[in-house]
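J.: Below are the sequence and a predicted model for it; my questions follow.
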Amino acid sequence: MDRELTIATELAEWAAQRIRRPRAPHDTSDVREKDGPADIVTATDEAVETHVRAVLRREFPEYGIEGEEHGVHEGTPGAPHWLIDPVDGTTNYAHGIGWCSFSLGLATPPGEPLLGVVADPWRHEIFTATRGGGAHLNGHPIHAAAHTTLTGHVFLTEWAAHAHWPGMDDLLRELATRHCTVRIMGSTALSLVQVAAGRATAAAIGEFHPVDALPPLLIATEAGAVAVPRLPPYNTPLLLTAPQAAHEATTLWERTVLR
């Protein structure tokens, strides 16, 4: 994975620079709806994915590609495939809120993660991991938090687009009774990867989509976090938790979301 990781990291650096380009305040001329008012795409989403796809097809012509904006390119049978989310958190980006990310992953044909990269353009951070190679932030090793409880710590989650997902309200109520501070920031990849950095003790989403969730899933587990389940089916819930808080978090998860 050395060459794949090098090129993926270079693409993440390029994408972060592209996302950081100034946009005119309140300019919506480059924004359009996809499936509804809460599902939008910008010219930046499309430009970033177009460039990343072109580089990946040139450098790894046998690999497949699945992107958030431009669909699937079939690779050679049995070859890995790339997963691209050019701007994860487009609503934040389009409204000038500095919390979005670039996400790039590589997976086996059955969907097992091989490589993950998540770039935070605003904090100049690039999270990386390869299977069995540990997790890194700007080249330095990172590890999940050593916290033994959710109480007093941060739990990150996301809406399912603009809506609550089944069990979410029950989960939030239970976390509140534990004095666990919940944050809903607006980028699945960037929220999940905070568990890898030890900033959040746990994070959860109600609908797992590989294009934006598989890279941070690998990064978090390579940092020592526990994933429940280890690899979710498409559109099903995912919990990531620091290892020593896993029993509490998993018990709560099973009681509220998986019941």
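T.: That came in fine, so what should we check first? Residues are numbered from 1 along each chain as shown.
J.: For the residue nearest to the spatial centre of the chain, which non-adjacent residue is closest in space?
T.: Centroid-nearest residue in the chain: A189, 1.7 Å away (criterion: C-alpha atoms, centre = their mean). Distance criterion C-beta to C-beta, 6 or more residues apart in numbering; nearest residue to A189, sequence neighbours excluded, is S103 at 4.1 Å. Heads up, the C-betas are built off the backbone N, CA and C, glycines and all.
J.: any idea which element that neighbour lies in?
T.: According to DSSP states H and E, S103 maps onto strand 101-107.
J.: quick one, the helix or strand following that strand and strand 101-107 angle?
T.: Where DSSP H and E defines the elements, the next helix or strand beyond strand 101-107 is strand 113-120. For strand 113-120 against strand 101-107, the angle by axes from the mean of the first three to the mean of the last three C-alpha atoms, to 10 degrees is 170 degrees.
J.: Now do the buried residues in the following helix or strand past strand 113-120.
T.: Once strand 113-120 ends, the next helix or strand along the chain (criterion: DSSP H and E) is strand 125-130. Of the residues in strand 125-130, 125-130 count as buried by neighbour count, 16 or more other C-beta atoms under 10 Å.
J.: returning to that earlier point: what angle do the strand holding S103 and strand 125-130 make?
T.: Here the directions of strand 101-107 and strand 125-130 differ by 10 degrees (the same axes, to 10 degrees).
J.: buried stuff in strand 101-107?
T.: Those would be 101-107, for strand 101-107 by 16+ other C-beta under 10 Å.
J.: pLDDT averaged over it, what's the number?
T.: Averaged over strand 101-107, pLDDT sits at 98.
J.: distance between that strand and the chain's centre?
T.: A distance of 8 Å separates the centroid of the chain from that of strand 101-107, by C-alpha atoms, centre = their mean, to the nearest Å.
J.: Remind me what that strand packs against, helices and strands.
T.: Using 3 or more C-beta pairs under 8 Å, 6 or more residues apart in numbering; DSSP states H and E, the elements in contact with strand 101-107 are helix 2-19, strand 81-88, strand 113-120, helix 188-196, helix 210-222.
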